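Novice: Structural data only, the sequence is not supplied:
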């Protein structure tokens, strides 16, 4: 099943949150949707799942508009911070409700198993849970979804390291149960990176990069050493950014770079560092 | 200056949030206070800085009780999620107020410089800022403090990767301006670890571990391979935890472990992984 965004634009008063976005999601896999606060990630996910409407452009599934089509919307699920569920709903009730709505595309047994692993109290109302457990409640439902597309908007915000680790493991369990397109919007790039097969980076409402993990790992090289030596190498390449600390300079250079200069050290750039260097603004260069 | 916690206990109704904690903080450095949600970190920081009172035990600075002593409390600052500042206060006003309260122990110029780096709007009232910028506002004030003790309770929660990276760099800038005891409570152990010189792990209201970074890095070894081979090695050692994935088993073993068995791979355990393995509960072993 093919999800296509074409010319998607969203304006709020004087802010353009999404600016002419084209994107195609079809191949099952785990996609990271990365962007700074305010970059447009949540707006994009909300438009895809028809929670809000676009100012311009279209979202289609296999060529047909998603908006206003219950059968198309039934192929997608969005887990987000904002609550679209009744806060009086206990987890067990939410599971029954999801089963009723999604049928074969929801696995109740898995939902209960995930909730048990998190020690989520099934008899407590959603509204009575702590912030962390509100996320966990919604994550457990989303992880049990076998819709063709499952979107997670900041699923691990506020969770401790163990709960985040558990979420990542259960996500793999969920994916093994049924392959699907999973899109995760997260600020915790470093720890999610090993799980991500594709990286979509969004900046100021536009798609800045859309790479698979292999392309990502060879996208840039960090070269460190004395300023003169780094600059001598850097001038021959395309430089993403430079960072100085004491007498040492690091240049983040596009592509794979090699050097014989013994004063220079060269290493690959991990996805979180690459993201930071690509999206850093001027004031932050201190 | 020596901060000492002796027999510190805090009970809320039927929950013992802190259970007979002894701790001494004296040497300047950057300390990580790590614990799961509900482990007692925030309670501990709130008692140290006299925001709440202990059920039992004492907090002293150079032997004198902190509670009710303005001069002792003036040696400490706590940045926390809960707002103790007037929400009508603009950042510039908060800086003036901090200068008035803390005198030489607050660096107004640094505060303004940090706010500029974060692009914090100085003329906006605290209450009108986004969640992320509320944290940034409080971080900028705390980073400008030159009190002998500065505590940060989840300073980077909700910040994007660039803002977290900037916070860590400014923290080092702040520490270089004046050495002090900096304690950071955080769930993002992996990315903070390289900055931390000491690791204090708290579990169920008790200090589980208090190690410097060198002790931490040699605390455990991960041994992976076929189950039989791992078990043959593990039985001769103290095992923290075991994880199975497919046919592969990993045992986290105390201390530095070496082996000649070519079927086994051996590697050091990073602090976040060690934390997870030490504090995992039964239900999470899925």
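Specialist: Received, thanks. None of these values were measured; they are calculated from a predicted model.
Novice: What residues does the stretch 51-200 of chain A have near chain B?
Specialist: Selection of the stretch 51-200 of chain A residues close to chain B by Cβ under 8 Å from any Cβ of the partner chain yields A:113, A:116-119, A:130, A:132, A:157-166, A:169-170, A:173, A:187-191. Where C-beta positions appear, they are placed from N, C-alpha and C, glycine not excepted.
Novice: Now the buried members of those residues.
Specialist: A:113, A:117-118, A:132, A:157-166, A:169-170, A:187-191 (16 or more other Cβ atoms under 10 Å in any protein chain shown).
Novice: Tell me how far residue A:137 lies from residue B:276.
Specialist: Counting by Cβ to Cβ, to the nearest Å, the separation of residue A:137 from residue B:276 is 22 Å.
Novice: How about residue A:248?
Specialist: Counting by Cβ to Cβ, the gap from residue A:248 to residue B:276 is 33 Å.
Novice: Tell me how far the residue nearest in space to the middle of chain A lies from chain B.
Specialist: Nearest to the mean C-alpha position of chain A, counting by Cα atoms, centre = their mean, stands residue A:185 at 2.4 Å. Residue A:185 is 11 Å from chain B, where distance means Cβ to the nearest Cβ, to the nearest Å.
Novice: For that residue, what are phi and psi?
Specialist: Main-chain torsions, residue A:185, degrees, to the nearest 10: phi -90, psi 120.
Novice: who's in contact with it?
Specialist: A:32, A:33, A:34, A:35, A:41, A:42, A:45, A:151, A:152, A:153, A:154 (Cβ atoms under 8 Å, 6 or more residues apart in numbering or on different chains).
Novice: Residues in a beta bridge with the closest residue to the fourth one other than its chain neighbours, which ones?
Specialist: When the adjacent residues along the chain are set aside, residue A:35 lies closest to residue A:202, with 4.0 Å between them (Cβ to Cβ, 6 or more residues apart in numbering or on different chains). Applying DSSP bridges to residue A:202 yields these beta-bridge partners: residue A:35, residue A:207.
Novice: next one: the one 10 residues further on
Specialist: According to DSSP bridges, the partner residues bridging residue A:212 are residue A:198.
Novice: Now for it, how many residues are close by?
Specialist: When counting by other Cβ atoms under 10 Å in any protein chain shown, one arrives at 14 neighbours for residue A:212.
Novice: who's in contact with it?
Specialist: By Cβ under 8 Å, 6+ apart, the residues touching residue A:212 are A:197, A:198, A:199.
Novice: Most neighbours among these, which one?
Specialist: Among those, the one with the most neighbours (other Cβ under 10 Å) is residue A:199, at 22 neighbours.
Novice: how far away is it from chain B?
Specialist: Here residue A:199 is placed at a distance of 13 Å from chain B (Cβ to the nearest Cβ).
Novice: if I read this right, that residue contacts residue A:214, doesn't it?
Specialist: No. Counting by Cβ atoms under 8 Å, residue A:199 stays clear of residue A:214, with 10.6 Å between them.
Novice: Among the buried ones among the residues of the stretch 51-200 of chain A next to chain B, which ones are in helices?
Specialist: Counting by DSSP state H, these place A:113, A:117, A:132, A:161-166, A:169-170, A:189-191 in helices.
Novice: Tabulate these (JSON lines), appending distance to residue A:87.
Specialist: Listed next are those as JSON lines, based on distance: Cβ to Cβ, whole Å:
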{"residue": "A:113", "distance to residue A:87": "24"}
{"residue": "A:117", "distance to residue A:87": "23"}
{"residue": "A:132", "distance to residue A:87": "16"}
{"residue": "A:161", "distance to residue A:87": "28"}
{"residue": "A:162", "distance to residue A:87": "26"}
{"residue": "A:163", "distance to residue A:87": "21"}
{"residue": "A:164", "distance to residue A:87": "24"}
{"residue": "A:165", "distance to residue A:87": "28"}
{"residue": "A:166", "distance to residue A:87": "24"}
{"residue": "A:169", "distance to residue A:87": "28"}
{"residue": "A:170", "distance to residue A:87": "24"}
{"residue": "A:189", "distance to residue A:87": "31"}
{"residue": "A:190", "distance to residue A:87": "33"}
{"residue": "A:191", "distance to residue A:87": "30"}
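Novice: excluding its backbone neighbours, what's nearest residue A:124?
Specialist: Nearest residue to residue A:124, sequence neighbours excluded (Cβ to Cβ, 6+ apart): residue A:90, at 6.5 Å.
Novice: still on that earlier bit, closest one to residue A:266 out of the ones in helices among the buried ones among the residues of the stretch 51-200 of chain A next to chain B, please.
Specialist: For these, the closest approach to residue A:266 (Cβ to Cβ) belongs to residue A:190, at 20.7 Å.
Novice: got a list of what the closest one touches?
Specialist: A:270, A:271, A:272, B:161, B:190, B:191.
Novice: In three-state terms, label residue A:242 for me.
Specialist: Of the three states, residue A:242 takes strand according to DSSP: H, G, I helix; E, B strand; the rest coil.
Novice: Just give the number of residues close to it.
Specialist: Other residues within reach of residue A:242, judged by other Cβ under 10 Å, total 17.
Novice: Kindly provide the distance from it to chain B.
Specialist: Residue A:242 is 15 Å from chain B, where distance means Cβ to the nearest Cβ.
Novice: any idea how far that residue is from residue A:251?
Specialist: Applying Cβ to Cβ, the value for residue A:242 to residue A:251 is 5 Å.
Novice: and what of residue A:211?
Specialist: According to Cβ to Cβ, residue A:211 and residue A:251 sit 21 Å apart.
Novice: And residue A:138, by the same measure?
Specialist: Per Cβ to Cβ, residue A:138 is found 42 Å from residue A:251.
Novice: Just to check, the residue nearest to residue A:35 is in contact with residue A:39?
Specialist: Yes. Contact criterion Cβ under 8 Å: residue A:202 and residue A:39 qualify, at 4.9 Å.
Novice: Based on its surroundings, how many neighbours for residue A:214?
Specialist: 9.
Novice: in the sheet, who's paired with residue A:153?
Specialist: residue A:185.
Novice: what number of residues lie near it?
Specialist: 23.
Novice: Which pLDDT value belongs to it?
Specialist: Per-residue confidence (pLDDT) for residue A:153: 97.
Novice: Contact partners for it?
Specialist: Contacts here follow Cβ under 8 Å, 6+ apart; on that basis residue A:153 touches A:41, A:42, A:45, A:78, A:79, A:80, A:81, A:185.
Novice: Let's see that with 6 Å instead.
Specialist: When contacts are counted by Cβ atoms under 6 Å, 6 or more residues apart in numbering or on different chains, residue A:153 is found next to A:42, A:45, A:80, A:185.
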